[in-house]
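Structural data only, the sequence is not supplied:
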């Protein structure tokens, strides 16, 4: 009886480990895929390479993601587009001035995306979008449009509260996006052209860009931090 219990316990333990391993596989596959997509690009990354790096068979990979395109989409959702619900909720709860909200938006983007491996996804899209129109359309729908919508909401909030003067909200949103793209390209491509004795400081750049832009948008630039535009008669 004791032996049978011991054997049964070991079987259950083995099954439990297998279940935990099975649950971990999608995350491990997405992590491996992100690394390879950023390192090699979409076209050059092979499904079997992703499987090998995650320590599983190619067949196991296809159980979770039936094609490389679906794998890429899952990587984008896991690292970028899946976060827009969270970011929009933060927008709803934000209590500071609209200028502070713009600053916070850029700070959060840099900390959660820009300075992480996920920033390489944008560089990949810029490089390969014309060769893979379906991937480009997906990225536009899941990342670019929600991102621009959120930035427009932030700027519209500033206009409605009398804190910002924005002649063209749609294109002002592009001004913010441009700084993100510049840093990503600097990190993954253009950085190789920057003198080693004068490296680009991302946080310093973002701060300079935001302050320069905000002083052009605020109704009273000298009172930007105070949000004094709300009190003008």
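Yep, that arrived. Quick caveat, the model's predicted, so the values are computed rather than measured.

Now do the helices in this structure.
Secondary structure of the chain (DSSP state H): helices at 2-40, 47-54, 58-64, 68-79, 84-93, 98-109, 119-128, 133-139, 145-160, 169-188, 202-217.

Output these as CSV; include the columns mean neighbour count and mean pLDDT.
C-betas here are computed from N, CA, C, even on glycine. Output for the helices of the chain, formatted as CSV (neighbours: other C-beta atoms under 10 Å; pLDDT from 0 to 100):
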stretch, mean neighbour count, mean pLDDT
helix 2-40, 13, 69
helix 47-54, 18, 94
helix 58-64, 14, 93
helix 68-79, 19, 96
helix 84-93, 12, 92
helix 98-109, 19, 92
helix 119-128, 20, 92
helix 133-139, 15, 95
helix 145-160, 17, 95
helix 169-188, 17, 89
helix 202-217, 15, 86
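
Now do residue 207 against residue 51, distance only.
Residue 207 sits 42 Å away from residue 51, going by C-beta to C-beta, to the nearest Å.

Let me fix that, I meant to ask about residue 88.
If you measure residue 88 against residue 51 using C-beta to C-beta, the figure is 35 Å.

and what of residue 102?
Using C-beta to C-beta, residue 102 is found at 42 Å from residue 51.

what's the answer for residue 216, then?
50 Å.

tell me, what residue is most central in the chain?
Among the residues of the chain, the one closest to the centroid is residue 80, at 3.5 Å (C-alpha atoms, centre = their mean).

So what's the residue count around the nearest residue to that one once chain neighbours are set aside?
Using C-beta to C-beta, 6 or more residues apart in numbering and skipping the chain neighbours, the partner closest in space to residue 80 is residue 143 (5.5 Å). For residue 143, the number of neighbouring residues by other C-beta atoms under 10 Å comes to 19.

How about the contacts made by residue 143?
Taking C-beta atoms under 8 Å, 6 or more residues apart in numbering, we find residue 143 in contact with 76, 80, 81.

and this structure, what are its domains?
Domain segmentation of the chain under automatic domain parsing yields 2-68, 80-231.

Phi and psi next, for residue 45.
Backbone torsions of residue 45, given as degrees, to the nearest 10, read phi -80, psi 130.

And it, how far from residue 98?
Plainly put, residue 45 is 41 Å away from residue 98 if you go by C-beta to C-beta.

do residue 119 as well
For residue 119 relative to residue 98 (C-beta to C-beta), the value is 26 Å.

Kindly report the same for residue 215.
14 Å.

Kindly report the same for residue 75.
Residue 75 is 33 Å from residue 98, by C-beta to C-beta.

likewise residue 39?
Taking C-beta to C-beta, one finds residue 39 at 39 Å from residue 98.

next one: residue 187
Per C-beta to C-beta, residue 187 is found 28 Å from residue 98.

ditto for residue 153
Taking C-beta to C-beta, one finds residue 153 at 10 Å from residue 98.

now swap in residue 31 and tell me
To residue 98, residue 31 is 37 Å away according to C-beta to C-beta.

and if you look at residue 206?
The gap separating residue 206 from residue 98 is 17 Å, by C-beta to C-beta.

got it, and residue 58?
Between residue 58 and residue 98 the computed distance is 50 Å (C-beta to C-beta).

ok, now residue 151?
Separation of residue 151 from residue 98 (C-beta to C-beta) stands at 12 Å.
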